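> Here is my input, please return the structure:
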Amino acid sequence: MDQRRPLGLFLKWAFVCLCTMYILGALQAQASDDGQIVRLKLMHRNSHGSPFRNSSATRLETVTSLLRHDKLRLTAFVKSILRSSSSKRTAKRSHYYAHDRVRSRDAGGRGGATIGTPIFSGASVSSGQYFVDLEIGTPSKRFLLIADTGSDLMWVNCHYQYHGRRRSRSKKRRRTRSTGSRSRSRSLHAFASSSFHPISCASEECQMVPGPSACNLLHPTKCIYSYSYSDQSSSSGVLAYDTATLSPLDGSFAATRIPNVAFGCSTERHGHSFDGADGVIGLGQGEISFSSQIGSTYANYKFSYCLVDHLSAPSKHNYLVFGNRNLQDLRYTPLLRDLRVPDTYYYVAIEGVNVNGIRLPIPPAAWSIADNGTGGTIVDSGTTLSYIADPAYTVLFTAFDSLVLYPRVAISPFDLCFNSSAVTTPTWLPAFSIDFSGGSSFHPPVDNYFIAVADGVTCLSILEASGQGFNVIGNIMQQNFVMEFDRHHSRLGFARTDCSQD
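The predicted structure is shown next:
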């Protein structure tokens, strides 16, 4: 018998196996890269069906209310940025001590080796403008949560017994004004959920949230957190694990259960930032945020949204998507991580702005981050208008002011308003664009930076970022763009589209 024949068959068999393994590996890698996709309805506070909507408010009253919220949020940004910059320079935590320890990753995939490294949160930022339904617990219970790209921790109203007594938000209602929206809020009964597990104060997750006191590592107790917001609202309670369920109202996909999601079981809540909502779902870049925790499951840490014009089309729906949309026409700019600013926020670098295609004479330093953490540009879904700091704002305003030829109308706090009652649509308004680092340019439609604030009155919806020194690209500027936050590649993708058809 020819001895070479078995050897030849063996080599052929081995070659086929290797090819099969390579193809399966490639397919598996592609599936892993694409990941699962979950699409949730995102509701603006002025949308139909929102518990925050005031149907009797005029357009000007609605805009004024949103601007009051902006002012609180921008003040909170400043405090958070300056506190983070100062803390990072001194390498100390303001809410708890950073202890030296090493923790091995457990079988559940949580934790990781740490040696007292400080992690900073944007917890002081006021609540956002958009809301999403999320189910928590086993059996699951649905909650209406504020979706916020400017904060990290997810928390919900909660009943939980610790220190030998039961603490619940229902006992604290006497300290806050009772409203109809508050009476509709729901709470998680922790001990009724079989998947609820409190987190130890010695855990890595507990280092990621502000708390009232240090942890005794020899006798660790529950992780107590306390979040305060710019309008004196606050949430405090116990950090815990539980199962989150993503289940859309329209049944467009099967429910997806995600075990061991870290969140705040809020036993006390003060103030009115959250009236009508059951908590907050943080979508920031911090490790404790919901988007970070589920990132490995959904297309390598990607999420995106597409926002409709909430002032003109309150009946239209927005969508929040976890996963890879596989859009072909996205333009990208890098997301910046800088030791001088909080890890939470989504910073991008502006290289210049253009009016009618002409680059404005603004020095590059006007867009950069200063040593004290101020400056730079944040993309934020919870801020309504866009804000530009001086000296860039003065140059930008002067350009618009010289090109808008309609009769002026004075409406505070807007700097440029005009009478648009004579025409249904202004026949000519200046074009505006932003040049980002990485070679991408953002070309918003006119409706994204000139908005109708009252009958017959249109205003420039870019205001001066007075007293804060940094820039914010708000949600009106982002309308009718897919905005993709690609954490895996550390980049922001955007593409013009009709979000009402999303």
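> can we go C-alpha only for contacts and neighbour counts from here?
OK.
> At the geometric centre of the protein, which residue sits there?
Geometric centre of the chain, nearest residue: residue 149, 1.2 Å, by C-alpha atoms, centre = their mean.
> tell me the contacts of it?
Residues near residue 149 by C-alpha atoms under 8 Å, 6 or more residues apart in numbering: 282-284, 344-346, 380-382.
> and if we set it to 6 Å?
In this structure, residue 149 makes contact with 283-284, judged by C-alpha atoms under 6 Å, 6 or more residues apart in numbering.
> residues making contact with the longest strand along the chain?
With DSSP state E setting the assignment, residue counts place strand 256-270 as the longest strand in the chain. Contacts of strand 256-270 from elsewhere in the structure, counted by C-alpha under 6 Å, 6+ apart, are 154-159, 167-169, 233-246.
> Mind checking which of the residues you listed are buried?
Buried by 16 or more other C-alpha atoms under 10 Å: 154-159, 167-169, 233-246, out of these.
> Please tell me how far residue 385 sits from residue 64.
Residue 385 sits 11 Å away from residue 64, going by C-alpha to C-alpha, to the nearest Å.
> Which stretches in the stretch 51-200 of the chain count as helices?
Using DSSP state H, counting those that start in this stretch, the helices of the stretch 51-200 of the chain run over residues 59-90, 180-183.
> For these, which has the smallest mean pLDDT value?
Across those, the stretch with the lowest average pLDDT is helix 180-183; it has a mean of 40.
> count of residues packed around residue 405?
For residue 405, the number of neighbouring residues by other C-alpha atoms under 10 Å comes to 11.
> Ok, residue 336 next?
One way to gauge burial is a neighbour count; for residue 336, by other C-alpha under 10 Å, it gives 19.
> just residue 228 next, same as before
Here the count is done by other C-alpha under 10 Å, and residue 228 has 18 residues near it.
> Which residue, other than its chain neighbours, is closest to it?
In space, not counting the residues next to it along the chain, residue 228 is nearest to residue 234; the distance is 4.2 Å by C-alpha to C-alpha, 6 or more residues apart in numbering.
> Next one, pLDDT for that neighbour please.
pLDDT recorded at residue 234 is 83.
> so it bridges to which residues?
Using DSSP bridges, the beta-bridge partners of residue 234 come out as residue 228, residue 270.
> end-to-end on stretch 235-254?
Its first and final residues considered, stretch 235-254 spans 32 Å by C-alpha to C-alpha.
> again, but for stretch 453-462
13 Å.
> list the buried ones in that stretch?
Burial within stretch 453-462, assessed by neighbour count using 16+ other C-alpha under 10 Å, is assigned to 453-454, 457-462.
> Please list the members of those residues that lie in strands.
Helix and strand membership here follows DSSP E; of the buried residues of stretch 453-462, those in strands are 453-454, 457-460, 462.
> just those residues now: which is nearest residue 481?
residue 462 (17.7 Å; C-alpha to C-alpha).
> wouldn't that closest one be in contact with residue 386 here?
Yes: at 4.9 Å, residue 462 counts as touching residue 386 under the criterion of C-alpha atoms under 6 Å.
> Now residue 321. Nearest residue, chain neighbours left out?
With C-alpha to C-alpha, 6+ apart as the measure, residue 39 is the residue that lies nearest to residue 321, at 4.4 Å, once sequence neighbours are left out.
> ranges for the strands of the stretch 351-500 of the chain?
All strands of the stretch 351-500 of the chain, identified by DSSP state E, counting those that start in this stretch, fall at 358-359, 377-379, 386-388, 417-419, 432-436, 441-442, 450-454, 457-460, 462-464, 471-473, 481-486, 491-496.
> oh, I was asking about the stretch 101-250 of the chain
Using DSSP E, counting those that start in this stretch, the strands of the stretch 101-250 of the chain run over 130-136, 141-148, 155-162, 165-168, 188-189, 197-198, 224-228, 234-246.
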